[in-house]
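> sequence first, then the predicted structure:
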Amino acid sequence: MSIQPFPRTTPPITAGPQLRLLRRQARLSQLDLALITGISQRHLSCIETGRAKPSPGTLHNLLMALEVPLEHCNSLFLAAGYAPRYKTTELSSAAMTAVRDAISHVLHANNPAPAIVLGSHWEVLAANASTGVLFDLVGLPTDSAQELNLLTTLLQPGGLGDHLINPEEIRRLAWQRATREALDNPTLASLLQTLSAPDYCASMASELPPLVLTRIRTPQGELNFMSTFTTFGMPLDITVTSLRIEHLIPADAQTWQTMTAAYERSLC
C-alpha cells in the first residue's frame, strides 16, 4: 500500500480555492461555515473565489472551524500572503513547562492503569509506572516502554501485539487510524510503508463490535482494557496539537485487581 502525504501548497495556488476544497471535504456548505465562524456567507464566497483576501484573524477562524492540521494551516497562511502563524516548540523547552507538568499529572493520576504519551509518529514520549508493570506482566523489557513506537510494537513480531488475544481487531484499528493520520504526515507514511498488514487489511470489510477491548494474555490470566485518549484543547503549537495520551482503563474487576496488586508490588 502506498501512502501519499497531504498535498503541499505551492505558491501559485491561492488560499481561496484551498479553503473551498477543505470546506467541501468537511461536508459543510458555505452557509454552515459562515454560521460557525461568524462571517457573512457573501464574504466567505468572495474569499473562496479570490475576490477578497481574508484577514489573518478570519483565516485562523476558518481553519480552526475546518479542523485543519496546523502544519497545513501554515501553508494556507503563506498562500494568503502572510507569514506562517504556528510554530513547533520543543517539548523540553522552558515554554512547555506547563504542558510537561500537565502530562506528568495525568500519567500519575492514571495509576494503577497504564497510560502513555504518543507523538505524531506514534512514538512513545512518556509512560507511567503502570505501563512498565504491564510490560513486566507480559514478559517484555520494562525499560523499553519509553523507547518504542506503539504502531511498530503492535504490528511487528516480538512486540506487544504478540500478547494480544484479539490481534486482528487491534491491528486493524491501529492501521486505519495511522493511515488516516499519514495523509498529512510524510514521516508516518514512510513508517507505514515499512510495515506489512496482510491479515488485518484482508479483514477490513468485516464488522467490528461496538466496543473493541484491548485483550492481553498474561500468566495471571486475561487482562481487558478500554482505550481512551486525552488531547490538549485549543492548541496553537504544532508540537502540542500532535500530543495525545492513551489511557488503558481496566474493563473488568479482575483486570483492576491484577493491575492494582502488581502496581503496589512495584512500589515496594
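Structure received.
> near the nearest residue to D237 once chain neighbours are set aside, how many other residues are there?
Closest residue in space to D237, ignoring its immediate chain neighbours: T89 at 5.2 Å, by C-beta to C-beta, 6 or more residues apart in numbering. Quick note: C-beta positions are derived from backbone N, CA and C, even for glycine. Neighbour count for T89, taken as other C-beta atoms under 10 Å: 14.
> and if you look at T228?
Using other C-beta under 10 Å, T228 has 11 neighbouring residues.
> quick one, helices of the stretch 151-268 of the chain?
Per DSSP state H, counting those that start in this stretch, the stretch 151-268 of the chain carries helices over the ranges 167-182, 186-193, 198-202, 238-242, 253-267.
> give the rounded mean pLDDT of the second one.
Per-region confidence: helix 186-193 scores 90 on mean pLDDT.
> summarise which helices and strands that helix is packed against.
Under the contact criterion of 3 or more C-beta pairs under 8 Å, 6 or more residues apart in numbering; DSSP states H and E, helix 186-193 touches helix 150-155, helix 167-182.
> show me where pLDDT drops low in this structure?
Low-confidence segments of the chain (pLDDT under 70): 1-13, 143-147, 196-206.
> now do the buried residues in the top strand by length along it.
With secondary structure taken from DSSP state E, the chain has its longest strand at strand 221-230. Going by neighbour count (16 or more other C-beta atoms under 10 Å), the buried part of strand 221-230 is L223, N224, F225, M226, T230.
> list the residues that contact the residue nearest to D237.
Residues near T89 by C-beta atoms under 8 Å, 6 or more residues apart in numbering: A95, M96, D237, T239, V240.
> show me what the one helix or strand I47 maps to is packed against.
Taking DSSP states H and E as the definition, I47 sits inside helix 41-49. When contacts are defined as 3+ C-beta pairs under 8 Å, 6+ apart, helix 41-49 packs onto helix 15-25, helix 30-37, helix 56-65.
> what angle do the second one and helix 56-65 make?
Right, helix 30-37. With axes from the mean of the first three to the mean of the last three C-alpha atoms, to 10 degrees applied, the angle from helix 30-37 to helix 56-65 works out at 110 degrees.
> which other helices and strands contact helix 30-37?
For helix 30-37, the packing partners by 3+ C-beta pairs under 8 Å, 6+ apart come out as helix 41-49, helix 56-65.
> need those in CSV with mean neighbour count and distance to Q193, can you?
Shown next, in CSV, are the helices and strands packed on helix 30-37 (neighbours: other C-beta atoms under 10 Å; distance: least, C-beta to C-beta, whole Å):
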stretch, mean neighbour count, distance to Q193
helix 41-49, 17, 35
helix 56-65, 18, 29
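> okay, the ones you listed in TSV with distance to D252 next?
Shown next, in TSV, are those (distance: least, C-beta to C-beta, whole Å):
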stretch	distance to D252
helix 41-49	50
helix 56-65	40
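> between those, which gets nearest to Q254?
helix 56-65 (43.6 Å; C-beta to C-beta).
> domain-wise, how is this structure divided?
Per automatic domain parsing, the domain ranges recorded for the chain read 15-79, 94-267.
> excluding chain neighbours, what is closest to Y86?
Closest to Y86 by C-beta to C-beta, 6+ apart is L70, at 4.4 Å.
> distance check, G38 against Q156.
From G38 across to Q156, the span is 48 Å (C-beta to C-beta, to the nearest Å).
> how close does the residue of the chain most remote from its centre get to H43?
In the chain, the residue that sits farthest from the middle, by C-alpha atoms, centre = their mean, is R51; the gap is 36.3 Å. If you measure R51 against H43 using C-beta to C-beta, the figure is 10 Å.
> does the residue farthest from the centre of the chain sit in a helix or strand, and which one?
Here R51 is assigned to no helix or strand, by DSSP H and E.
> dihedrals phi and psi, it?
Dihedral angles of R51 (phi, psi; degrees, to the nearest 10) stand at phi -80, psi -10.
> helix, strand or coil for the residue nearest to D237?
Here T89 is recorded as coil under DSSP: H, G, I helix; E, B strand; the rest coil.
> and it, how far is that from L236?
T89 is 10 Å from L236, by C-beta to C-beta.
> ok, the residue nearest to Y86 - how many residues close by?
For L70, the number of neighbouring residues by other C-beta under 10 Å comes to 21.
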